[in-house]
Each structure stands twice: as C-alpha cells, then as structure tokens.
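1. please find the sequence and the predicted model below.
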Amino acid sequence: MTAPAQSLPQHDLLIVGAGPVGLALALALKHSGLDIVLADARPQGAADADPRVLALAHGTRQTLERLGVWAGLPATPIKTIHVSQQGGLGRTLLQAADYDIDALGYVAPAGALATALRKAVEEAGIAILNDAEVRALDARADCIVATLETPDGSRSLTARLAACAEGGMQAGEGDIAERDYGQHALIAYVDVAGGHHSTAFERFTSQGPLALLPCGNRYAVVHAASPAEADRLMAMDDAAYLARIQAHIGNRVQLTAVAERLRYPLGLRYRREPTGARTAWLGNAAQTLHPVAGQGFNLALRDVWALAGVLLEQRGDPGAPAVLAAYARNRRLDRLGTIRFTDTLVRLFSNDIAPLRHLRGAGLVALDLFPPLRHFVAKRMMFGARAWP
C-alpha cells in the first residue's frame, strides 16, 4: 500500500539523473530557493568515468561560464570546420575568425564535465541520491510521488516537479516519434601527424557521416556506418581500420594511429511535447539525435537554461500547468528546428544517389560562395534554431 503523499519526504524539484544535464539544471537553480534533490541510478562517480566526448557549441561555452564550471575544463577549441562529401565536388569552411570569436565550438571529455558540475553542485549543498533508480512517477493534483529502488530497498518521496534529465524513451509510448537511420556509430581516437590545428572535419560518405573532432593533441572520431559495415569495421585490426578512416578523409590530414573503438546504434527519437503532468523532460529523456553536427548536448543544455529561466521567473508552484506550458512554448522552435536540421542532414547526405550527390556538391559550393547561407549554418550550430532572425 502506498503511503500518503503528506507523510513522505517532500521537495520542490526532483531531478532524475545526475549526469551533465541534470547536474547543470541543479546548478542553474542553486539560488532559486527551491528544495532540490537529484536521484541517479548509478553509483557515485559513474558519470565521471564516461568515455564519450562532447561537442560544445560557442553558446554552450557561454552557459557553462555562467554556471561557473568552464574555467579549468579540458576543452579543445574548434577554430575551423571543414565540410565535404566523399566522391563529390564541393566543400565549405566555417571559421571562428569570421564571427570575431575564439572558437566555433569545443570538444571536452564528458567525464571531465560531469566531474566539474558535480563538484559545483556538492559545494552548493544540493543533495544527490546515488544508487537510486526512479522506477515510477505518479503525478497527483499537488505533487508527484517518485518510487526509488536503492540498495537498501524501495523508498518514496514527493516533489512538486520532476525534471527527467536522463534515461531513454520507451518504444510504443504514444507521444514518441522515431526514425531508425540504419546506422551505427563507431567512436575512436586517432593520432595525427603535425597536429590538428584546431580544425574539425565533417565528411559525408555513402555509408554516413565521419567526423574528426580535435580533442587534446589527437582527434576523436565519430564514424557512422551500416550495421553490417560496422561489424566489419569492429573486426578489423587497428592498421586496417586506420587505413579505412584515412581513405574516407583523403589527404587532408595524415593519421598515424587509432585506439579505443566503441560502438552504438543511431536513431532519432523525440517526445512531441517535452512536458507532462508535473513532469518536464530534457536532454536524452526528451530527444535523442544523430551525432551529425554535434547538436545533442548543446540542445540539452538549452533545455536546461530555458527550464531554469522559467522556474526563476514564474515563482510559486514549479509544477503548475501554466509553468510547464510556458517552458514547452519556449522550447518549441529550437527543439523542432534542431531536430529537423540534424534529421535533414542525415537523410540528405547518407546515400550515394548520383543526382543527390551533385545537388549536395552544389549546395556546399553555394555555402562557400554566399556568406549569408554559410552564416546561417554556422549560427545554427553555435546557438540553435533561434540564432537567425
């Protein structure tokens, strides 16, 4: 029998997930006066060991500076982005110097960012429950009751608002839109002769996009391929796989060694509405994007900043329908615009149909020749869908 809500521990905000997205939300609200608690299914320090790298847009750097965690973060700047397609004409360059900024974006280890955010959250005195998996959320008129599974057994607590910042979306949920791209991503690191000179490459192949992202003194590779091709690539020894990446990228850089290959499937999944009864979804709990153009975490952090802004502006009950409706309105243009932007890139460039190949080449030439078009793409990548009037 469920205990009455009045007898359970009560909070204003429960944040589900203590990865970078959930931690950033807690930190953005540290001076809000809200009673905040985070619940994370993983043991303490698990997020710190995250092996992924994150592409951080210029706008994301600004947000992390406001949160006080940018200084000391081991982030590698991207000053130039070289975009091209294999087997076709056309290429374009996006350069930070054109916008009078230090870098278009940055690449940082996800674990290092989680460590910095967690340290700041702990210093702010915000409680984090580790090894606490949220198994159920029961929305009621004036609160939401969360059932948590811990090493000591089940427990419950209440909050006026639950912000779900981690975890996937269940297939078959009515409000979920999905697209299977038929691709897997291989993640690896490669060494480069002569250094990377803060230049990132986005190379579109018939199998899918290949990105080289400067990370420290080497490149992080994000390599999309069909599942069958991914099987073959994972089975290759390092020398053969390095040769395959080199063949894709051409003679633009000379790669010398490869290490640490990982693999995961790619698809698009998003909630049509990022709010429900006393619930807001953000980050991967709201949308999971293809890694092309590196928009996933940047969109998630814009979710965070927008939700924090609404909660700070509309005092009172943080889970009230009017508050959640304001957040949903705030996020509609950016969310759907970014989702469509990345989805269009994947579908337009992940094929080898000759007419489309020529059209893509013409598009890349147009981007290079017409600065307004190029600026549209650059600002979209730096600041999201609301960056261009």
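-> Happy to help now that I have it.

2. not counting sequence-adjacent ones, nearest residue to residue 346?
-> residue 290 (4.9 Å; C-beta to C-beta, 6 or more residues apart in numbering). Any C-beta I mention is one placed from the backbone N, CA and C, and that applies to glycine too.

3. my guess is residue 57 meets residue 300, correct?
-> No - contact criterion C-beta atoms under 8 Å: residue 57 and residue 300 do not qualify, at 11.3 Å.

4. and the pLDDT for the spatially most central residue of the chain?
-> The geometric centre of the chain, computed from its C-alpha atoms, lies nearest to residue 297 (C-alpha atoms, centre = their mean), at 2.1 Å. With respect to pLDDT, residue 297 has a value of 93.

5. just residue 49 next, same as before
-> On pLDDT, residue 49 comes in at 85.

6. and residue 200, by the same measure?
-> Per-residue confidence at residue 200 stands at 92 (pLDDT).

7. tell me the contacts of it?
-> 78, 80, 81, 82, 105, 107, 211, 212, 213, 214 (C-beta atoms under 8 Å, 6 or more residues apart in numbering).

8. let's see 10 Å
-> Residue 200 makes contact with 55, 76-83, 94, 104-105, 107, 211-215, 219-220, 294, according to C-beta atoms under 10 Å, 6 or more residues apart in numbering.

9. for the chain, what's the longest helix?
-> For the chain, the helix that runs over the most residues, judged by DSSP state H, is helix 321-349.

10. flag every buried residue along that one.
-> Neighbour counts over helix 321-349 (16 or more other C-beta atoms under 10 Å) mark 323-324, 326-328, 330-331, 334-335, 337-339, 341-343, 345-346, 349 as buried.

11. can you check stretch 243-257 too?
-> Residues 244, 245, 246, 248, 249, 253, 255 are the ones in stretch 243-257 that count as buried (16+ other C-beta under 10 Å).

12. then stretch 51-64?
-> The neighbour-count check on stretch 51-64 (16+ other C-beta under 10 Å) flags 53, 54, 55, 56, 57, 58, 59, 60, 61, 63, 64 as buried.

13. still on that earlier bit, now go through the contacts of residue 200 and say which are in helices.
-> Per DSSP H, those never map to helices.

14. please narrow the residues you listed to those residing in strands.
-> 55, 76-78, 80-83, 94, 105, 107, 211-215, 219-220 (DSSP state E).

15. what ranges of the stretch 201-350 of the chain fall below the confidence cut-off?
-> Applying pLDDT under 70 to the stretch 201-350 of the chain flags the ranges 349-350.

16. hey, where'd the strands end up in it?
-> 209-215, 218-225, 255-271, 275-276, 279-281, 287-288 (DSSP state E, counting those that start in this stretch).

17. distance to residue 72 for those strands - can I get that in TSV?
-> As requested, the strands of the stretch 201-350 of the chain are arranged in TSV below (distance: least, C-beta to C-beta, whole Å):
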stretch	distance to residue 72
strand 209-215	17
strand 218-225	20
strand 255-271	24
strand 275-276	35
strand 279-281	30
strand 287-288	29
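
18. quick one: closest of those to residue 30.
-> strand 279-281 (18.0 Å; C-beta to C-beta).

19. residues of that closest one that come out buried?
-> Buried, per 16+ other C-beta under 10 Å, within strand 279-281: 279, 280, 281.

20. do the same with stretch 260-274
-> Neighbour-count burial for stretch 260-274, counted by 16+ other C-beta under 10 Å, picks out 261, 263, 266, 268, 269, 270, 271, 274.

21. just the CA trace of it, in PDB.
-> What follows is stretch 260-274, C-alpha atoms only, in PDB (Å, rounded to 0.1, in the frame of the first residue of the first chain):
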ATOM      1  CA  GLU A 260      39.700   2.700 -28.100                       C
ATOM      2  CA  ARG A 261      37.000   1.700 -30.500                       C
ATOM      3  CA  LEU A 262      33.400   1.700 -29.200                       C
ATOM      4  CA  ARG A 263      30.100   1.200 -31.000                       C
ATOM      5  CA  TYR A 264      26.400   2.200 -30.500                       C
ATOM      6  CA  PRO A 265      23.300   2.300 -32.700                       C
ATOM      7  CA  LEU A 266      22.000   5.600 -34.200                       C
ATOM      8  CA  GLY A 267      18.400   6.800 -34.500                       C
ATOM      9  CA  LEU A 268      16.100   9.700 -33.900                       C
ATOM     10  CA  ARG A 269      13.600   9.600 -31.000                       C
ATOM     11  CA  TYR A 270      11.900  12.500 -29.500                       C
ATOM     12  CA  ARG A 271       8.800  13.500 -27.500                       C
ATOM     13  CA  ARG A 272       6.500  15.700 -29.400                       C
ATOM     14  CA  GLU A 273       5.800  17.600 -26.200                       C
ATOM     15  CA  PRO A 274       8.600  18.000 -23.500                       C
END
